[in-house]
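Enquirer: Fold the following for me, if possible:
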Amino acid sequence: MATKLIIDTDPGIDDAMAIFYAIANPEIDILGLTTVFGNVTTPQATRNALFLLEVANANVPVSSGLHQPRSLPSFPPSSNVHGDEGFGPLQLIEPKGEPITENAPEFLVRTAKEHSGEIILCAIGPLTNVAAAIDIDPDFCQNLKGIVVMGGSLAVGGNITAAAEANIYHDPHAAEHVFKYGCNITLVGLDVTDQVICPRQYFKELAVESPHIGGILNEMTDFYINFYESIGKINGCSLHDPSALVACVNREFFKSTPHKLRVVLSGDRIGETISDKNCARANVDVCIDVNVSGVKDNFFSNVAKLN
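Expert: Purely as a prediction, here's the structure:
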């Protein structure tokens, strides 16, 4: 039986990879996409989510989420990484569909209740909507099968500051709220996603196998890899969000250890995730190692099925 999934997302180039993977993988049943700011604004994220579903001929509800962090001022989108519209060189992103009227936290709470114990929530943007869902229903996390978060790191530092990973940094108070009051959480952070690196040739080969969807990703990732190369980091790009989606259905590719996590909420290291055994909260399964070829092959073989 396919795993029921909701994806909370800020598309974003690697979000696009992750969503196409989820659409392609027969082991995943997507119940909805909820959108949040981060790589782009929330209205752009909603538009982009609708666009991705339409180009892949997928019928999935999209619910627009919150527009700003819980406590901090809004951040500008990451246009240097993802482009002005979120998808690198792609500009004419004009979906025909509309989001549902129910906002993202309400949709998350209702759907979790209706499918109690069955849904994995894969959060691949800031955790603002997830924290708000906990505010609405303190039993929200208990109603889920689990939460898989792409964010943070314990050992390798950050990717937006020296200390902080971008999804946590863009709403550290939301992340702290989720780690404090949530349960059944798995963290797929930079400790593993920075190991899963794909060069340009990987996406060129994907475009040969899947000319339409693979071709779109090849265009997007060319821009994405240009950014990585411009900062002298890696020759290629990391599969950040796709790795979290893979972890939802192929956990055997990941090694994890339990940690009580807290988030730094002020100062130069704001947004840093820290393991603190003295925190009065549930353990988070933090992924610390990954079968790199397993993740890359699994992603490629599924997305290659899309026309």
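
Enquirer: Which parts of the protein are strands?
Expert: For the chain, the strands defined by DSSP state E cover 3-9, 28-35, 62-64, 119-123, 146-150, 185-188, 197-198, 237-238, 254-259, 261-263, 273-275, 284-290.

Enquirer: what packs against the third one?
Expert: Using 3 or more CB pairs under 8 Å, 6 or more residues apart in numbering; DSSP states H and E as the contact definition, the elements that strand 62-64 packs against are strand 28-35, helix 42-55, helix 104-114. For glycine as for every other residue, the C-beta is placed from the backbone atoms N, C-alpha and C.

Enquirer: Give me the sheet partners of it and which way each runs.
Expert: When sheet partners are counted by DSSP bridges, strand 62-64 sits next to strand 28-35 (parallel).

Enquirer: Now do the partner strand against helix 104-114, angle only.
Expert: 150 degrees (axes from the mean of the first three to the mean of the last three CA atoms, to 10 degrees).

Enquirer: Show me which positions of strand 28-35 end up buried.
Expert: 28, 30-35 (16 or more other CB atoms under 10 Å).

Enquirer: Contacts only, for residue 144.
Expert: Shown in contact with residue 144 (CB atoms under 8 Å, 6 or more residues apart in numbering): 112, 117, 119-121, 184.

Enquirer: go with 7 Å
Expert: Contacts for residue 144 were tallied using CB atoms under 7 Å, 6 or more residues apart in numbering; they are 112, 119-121, 184.

Enquirer: what does residue 97 give?
Expert: Residue 97 makes contact with 50, 54, according to CB under 7 Å, 6+ apart.

Enquirer: Which residue lies nearest the spatial centre of the protein?
Expert: When CA atoms, centre = their mean is applied to the chain, the residue found nearest the centroid is residue 124 (1.5 Å).

Enquirer: was I right about that one contacting residue 244?
Expert: Yes: counting by CB atoms under 7 Å, residue 124 touches residue 244, with 5.6 Å between them.

Enquirer: Please enumerate the shared neighbours of those two.
Expert: Common neighbours of residue 124 and residue 244, counting by CB under 7 Å, 6+ apart, are 18, 150.

Enquirer: want to throw the strands of the chain into TSV with mean pLDDT and distance to residue 229?
Expert: Shown next, in TSV, are the strands of the chain (pLDDT from 0 to 100; distance: least, CB to CB, whole Å):
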stretch	mean pLDDT	distance to residue 229
strand 3-9	98	25
strand 28-35	98	29
strand 62-64	98	33
strand 119-123	98	28
strand 146-150	98	22
strand 185-188	98	24
strand 197-198	96	12
strand 237-238	93	9
strand 254-259	98	27
strand 261-263	98	30
strand 273-275	98	27
strand 284-290	98	23
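
Enquirer: Low-confidence bits of the chain, can you list those?
Expert: Of all residues in the chain, those with pLDDT under 70 make up the ranges 233.

Enquirer: what's the longest helix in it?
Expert: Longest helix in the chain by number of residues (criterion: DSSP state H): helix 213-230.

Enquirer: tilt between that helix and helix 42-55?
Expert: Using the same axes, to 10 degrees: helix 213-230 against helix 42-55 is 140 degrees.

Enquirer: what packs against helix 213-230?
Expert: Helix 213-230 is packed against helix 13-24, helix 200-209, strand 237-238, with contacts defined by 3 or more CB pairs under 7 Å, 6 or more residues apart in numbering; DSSP states H and E.

Enquirer: I'd like the C-alpha coordinates of that helix written as CSV, please.
Expert: What follows is helix 213-230, C-alpha atoms only, in CSV (Å, rounded to 0.1, in the frame of the first residue of the first chain):
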residue,chain,number,x,y,z
ILE,A,213,9.8,16.6,-16.9
GLY,A,214,13.5,15.7,-17.0
GLY,A,215,14.1,18.5,-19.5
ILE,A,216,12.4,21.0,-17.2
LEU,A,217,14.6,19.8,-14.3
ASN,A,218,17.7,20.0,-16.5
GLU,A,219,16.9,23.7,-17.3
MET,A,220,16.3,24.5,-13.6
THR,A,221,19.3,22.7,-12.2
ASP,A,222,21.7,24.4,-14.7
PHE,A,223,20.8,27.6,-12.9
TYR,A,224,21.1,26.0,-9.5
ILE,A,225,24.5,24.5,-10.2
ASN,A,226,25.7,27.8,-11.5
PHE,A,227,25.0,29.2,-8.1
TYR,A,228,26.8,26.4,-6.3
GLU,A,229,29.8,26.9,-8.6
SER,A,230,29.8,30.7,-8.1
